[in-house]
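**Student:** Just the structure for this:
(2 chains)
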Amino acid sequence: MSKMRIEVIDRRTFLIGAGASAAALAGLASIANATPEQAADFLAKLTGGAKPADGKVKIEMPEIAENGATVPTKVSADSPMTDKDYCKSITLISTKNPAPHICTFHFTPRSGKAFASIRVRMATTQDVWAVAQMSDGSWHIAKTTVKVTIGGCGG
Amino acid sequence: MAKARVKVPKTAKAGDVITIKTLIKHKMESGNRKDKKTGKKIPRHIIDKFTARFNGEEFFSSDWMGGVSANPYCAFNCKVDKSGEFEFIWHDEKGEEFTAKAKITVA
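**Tutor:** Numbering: from 1, shown residues only, chains lettered A, B, ... in the order given. Sure thing, here's the model as predicted:
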């Protein structure tokens, strides 16, 4: 069983390799992807330098995304969503896409839940961050890793 | 050009938090792709803002960048306590706007 699995992966890796070469020939390899440092810079600008705390915010993405062009993503924050205490926004940040900022969701108490589901592009295997701002001004962060077999930002 | 689809429950009880699903047909050209024949970059053309209103009050919105997939899908919630109408607006960075509406009866 385990032997078969390895064979399958090898074949797949080979095919991806072939695809990547073709893409390089077509001149697509020149797309410069952002680095985790740029993602950190973007995060610092977003929060105004405040260091976000862990917890309170959740990000759900598949561990392995076969197609990087459309990766289902769910974000949520633990908040009562009352007029006095609610989650204002959640921002999705990529550490290896061409641009770190993917999207931002803005909530109001009327949203009922600090939850949103969207499909995003993933250029390559990378960490993705969800950063939430609460109505008291505090920032929270959650991170996840997505393995991408076929990137979704070029081609 | 763009075609929007929204899924909103027809009825709900007062105080319910309902889930709304939206989808719009749009290529969300990221600006990173190159034309295979000419080798030139295809200019960016995306929907950059999505807004959801209930009875005229904005309760959810989202800023989108090139990292959002083509034909963007977005699901979110709303707390309803009276009947009314939802309005969804997708704003294209070229200035075009697409809207969709849906009614809900709240008992």
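
**Student:** Show me the helices in chain A, by range?
**Tutor:** With DSSP state H as the criterion, chain A has helices at A:2-25, A:36-47.

**Student:** what do you get for chain B?
**Tutor:** Going by DSSP H, chain B shows no helices.

**Student:** now it, which segments are flagged as low pLDDT?
**Tutor:** Within chain B, the segments meeting pLDDT under 70 span B:1-2.

**Student:** Around chain A, which positions in it sit nearby?
**Tutor:** B:17-18, B:30, B:32-34, B:36, B:39, B:54, B:57-70, B:72-79 (CB under 8 Å from any CB of the partner chain). No exception for glycine: its C-beta is placed from N, CA and C like everyone else's.

**Student:** In strands, which of those residues appear?
**Tutor:** Judged by DSSP state E, these include B:17-18, B:54, B:57-64, B:73-79 as members of strands.

**Student:** longest single strand anywhere in chain A?
**Tutor:** strand A:139-150.

**Student:** between the helices of chain A, which has the poorest average model confidence?
**Tutor:** With a mean of 46, helix A:2-25 has the lowest mean pLDDT of those.

**Student:** Just the buried residues from the ones in strands among the residues of chain B next to chain A, in PyMOL please.
**Tutor:** Only the buried entries of those go into this PyMOL selection, using 16 or more other CB atoms under 10 Å in any protein chain shown:
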select buried, chain B and resi 18+54+59+60+61+62+63+64+73+74+76+77+78+79
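
**Student:** number of nearby residues for the closest residue to residue A:64 other than its chain neighbours?
**Tutor:** Distances taken as CB to CB, 6 or more residues apart in numbering or on different chains put residue A:147 closest to residue A:64, at 4.6 Å, once the chain neighbours are dropped. By the criterion of other CB atoms under 10 Å in any protein chain shown, residue A:147 has 14 neighbours.

**Student:** What distance do you get for residue A:147 to chain B?
**Tutor:** To chain B, residue A:147 is 17 Å away according to CB to the nearest CB, to the nearest Å.

**Student:** likewise residue A:139?
**Tutor:** Distance from residue A:139 to chain B, counting by CB to the nearest CB: 17 Å.

**Student:** count of neighbours near the residue nearest to that residue when sequence neighbours are not counted?
**Tutor:** In this structure, residue A:139 finds its nearest non-sequential neighbour in residue A:52, 3.7 Å apart by CB to CB, 6+ apart. Look at residue A:52: counted by other CB under 10 Å, it has 20 neighbours.

**Student:** now residue A:89
**Tutor:** When neighbours are counted by other CB under 10 Å, residue A:89 comes out with 18.

**Student:** Report the beta-bridge partners for it.
**Tutor:** residue A:106, residue A:133 (DSSP bridges).

**Student:** what sits against it?
**Tutor:** A:104, A:105, A:106, A:107, A:132, A:133 (CB atoms under 8 Å, 6 or more residues apart in numbering or on different chains).

**Student:** can the residues you listed go into JSON lines with extra columns for pLDDT and neighbour count?
**Tutor:** Conversion of the contacts of residue A:89 to JSON lines gives the following (pLDDT from 0 to 100; neighbours: other CB atoms under 10 Å in any protein chain shown):
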{"residue": "A:104", "pLDDT": "98", "neighbour count": "19"}
{"residue": "A:105", "pLDDT": "98", "neighbour count": "28"}
{"residue": "A:106", "pLDDT": "98", "neighbour count": "20"}
{"residue": "A:107", "pLDDT": "98", "neighbour count": "28"}
{"residue": "A:132", "pLDDT": "98", "neighbour count": "29"}
{"residue": "A:133", "pLDDT": "97", "neighbour count": "23"}
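
**Student:** Now render those as TSV, adding distance to residue A:69.
**Tutor:** TSV is the format used below for the contacts of residue A:89 (distance: CB to CB, whole Å):
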residue	distance to residue A:69
A:104	21
A:105	21
A:106	26
A:107	27
A:132	26
A:133	29
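
**Student:** Name the residues of chain A found near chain B, please.
**Tutor:** Residues of chain A lying near chain B (CB under 8 Å from any CB): A:26-28, A:31, A:69-71, A:81, A:92, A:94, A:97-99, A:101-113, A:115-121, A:152-155.
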